[in-house]
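> model this:
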Amino acid sequence: MEEHVDQILDRVMATPGNLGCLLANNQGLCIGARGNASDKSAGIIVAISEQAAKLDPNCNAPVVSLDVGDKLCIIHKNGVTGAVFKEV
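Predicted structure coming up:
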């Protein structure tokens, strides 16, 4: 399992413009992180995803985009919660 997670994170980081990425389980525990993504942010990333899902209960998996100046954080849950940090 760990090898599969490492492959996914490495593939995400191979995309130009990606600064970091993170995967977290449903309890907010970090499964893996690369680049400038901090494993300490896993809990808040899961919480943001869960709160966004409450905005429209009929939407099965919202995508959250946080724009901070020249950086972008995209959060999506599909089994596990993933976050990708990008430069704009």
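
> what sits up against the one helix or strand residue 84 maps to?
Using DSSP states H and E, residue 84 sits within strand 80-87. Applying C-beta atoms under 8 Å, 6 or more residues apart in numbering, the contact partners of strand 80-87 are 12, 17-26, 31, 35-37, 41, 45-46, 49, 70-76. (Glycine included, C-beta is placed from N, CA and C.)

> Can you give me the buried ones in it?
Buried residues in strand 80-87, counted by 16 or more other C-beta atoms under 10 Å: 80, 81, 82, 83, 84, 85, 86.

> same thing with stretch 6-14?
8, 9, 12.

> Helix or strand for the second one, just tell me which one.
Secondary structure here is read from DSSP H and E; on that basis residue 9 sits in helix 2-13.

> What pairs with the strand holding residue 84, parallel or antiparallel?
strand 18-24 (antiparallel), strand 71-78 (antiparallel) (DSSP bridges).

> sorry, back to before: mind checking which of the contacts of strand 80-87 are buried?
12, 18-24, 31, 37, 41, 45-46, 49, 72-76.

> ok, residue 30 - contacts?
Contacts of residue 30 by C-beta under 8 Å, 6+ apart are 22, 23, 24, 39, 40, 42.

> any idea how far it lies from residue 23?
7 Å (C-beta to C-beta, to the nearest Å).
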